[in-house]
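[1] quick one: sequence plus predicted model below, questions after.
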Amino acid sequence: MEYNHNNIFAKILRKEIPADIVYEDEYALAFHDINPKAPVHILVIPKGDFISFFDFSMNAAPELIVGFHKAIHHVIRAYKLQNEGFRILSNHGANAGQEVPHYHIHIFGGRPLGRMLSPE
Ligand code: AMP
């Protein structure tokens with residue numbers, strides 16, 4: 001599968017469409033999910049053409065992999081989620097219901113987050 005440069009997160013990265021940005025550095029951009037599922041629901045995306053975790057974890061440069069994870073850490077710390085708890089999640093492909101084909105991590109927090117997966 002080829003990376004599609006017209007996906008909505010690629011457009012957000014290029015600043016062609018707006019997002020409610022909470023953090024940015026040379027490796028990553030973080031912004032509020034437009035349809036939040038928890039009081040804190042932030043998406044973190046790497047600066048690079050990666051479809052999902054499966055693509056990123058194999059093909060991204062080590063410096064980007066480290067920088068991306070430190071950006072996630074920065075957001076978690078900025079929202080003080082580490083004491084009460086948080087969940088990070090990333091979907092790949094149809095079974096996971098991935099909607100946007102640019103790798104992203106969801107950060108959820110601000111309330112008890114329930115079961116890890118919904119029942120079948
Ligand atoms: P996923 O199902 O893991 O691909 O999640 C995609 C997420 O992107 C969903 O939670 C959407 O609500 C969110 N989303 C889609 N478009 C936007 C947008 N323009 N700005 C912020 N979040 C978005």
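    Here it is on my side, so go on. Numbering: from 1, shown residues only.
[2] flag every residue of this structure that's near the ligand.
    Those residues of the chain that sit near the ligand, judged by C-beta under 6 Å from any ligand atom, are 8, 19, 31, 33, 34, 35, 43, 91, 97, 98, 99, 100. Where C-beta positions appear, they are placed from N, C-alpha and C, glycine not excepted.
[3] of the residues you listed - the most surrounded one?
    Counting neighbours by other C-beta atoms under 10 Å, the top entry in the residues of the chain next to the ligand is residue 43, with 22 neighbours.
[4] quick check, it in a strand?
    Yes. Residue 43 forms part of a strand when assessed by DSSP: H, G, I helix; E, B strand; the rest coil.
[5] where's residue 37, which helix or strand?
    Using DSSP states H and E, residue 37 is not contained in any helix or strand.
[6] can you give me the strands for the chain?
    Secondary structure of the chain (DSSP state E): strands at 21-24, 28-32, 40-46, 86-89, 105-109.
[7] packing partners of the last one?
    Meaning strand 105-109. Counting contacts by 3 or more C-beta pairs under 8 Å, 6 or more residues apart in numbering; DSSP states H and E, strand 105-109 is packed against strand 40-46, helix 62-78, strand 86-89.
[8] give me the buried positions along the last one.
    It stands for strand 86-89. Buried positions in strand 86-89, judged by neighbour count with 16 or more other C-beta atoms under 10 Å: 86, 88.
[9] relative to that strand, what are the paired strands and their orientations?
    Strand 86-89 sits in its sheet next to strand 105-109 (antiparallel), going by DSSP bridges.
[10] kindly format the C-alpha coordinates of the partner strand as CSV.
    Written as CSV, here are the backbone C-alpha positions of strand 105-109 (Å, rounded to 0.1, in the frame of the first residue of the first chain):
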residue,chain,number,x,y,z
ILE,A,105,-1.3,7.7,18.2
HIS,A,106,-4.5,8.5,20.2
ILE,A,107,-3.9,9.7,23.8
PHE,A,108,-7.0,9.3,26.0
GLY,A,109,-7.3,10.5,29.6
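[11] got the contact list for it?
    33, 37-45, 72, 75-76, 79, 81, 84-90 (C-beta atoms under 8 Å, 6 or more residues apart in numbering).
[12] and the average pLDDT for stretch 107-114 is what?
    Throughout stretch 107-114, pLDDT has a mean value of 97.
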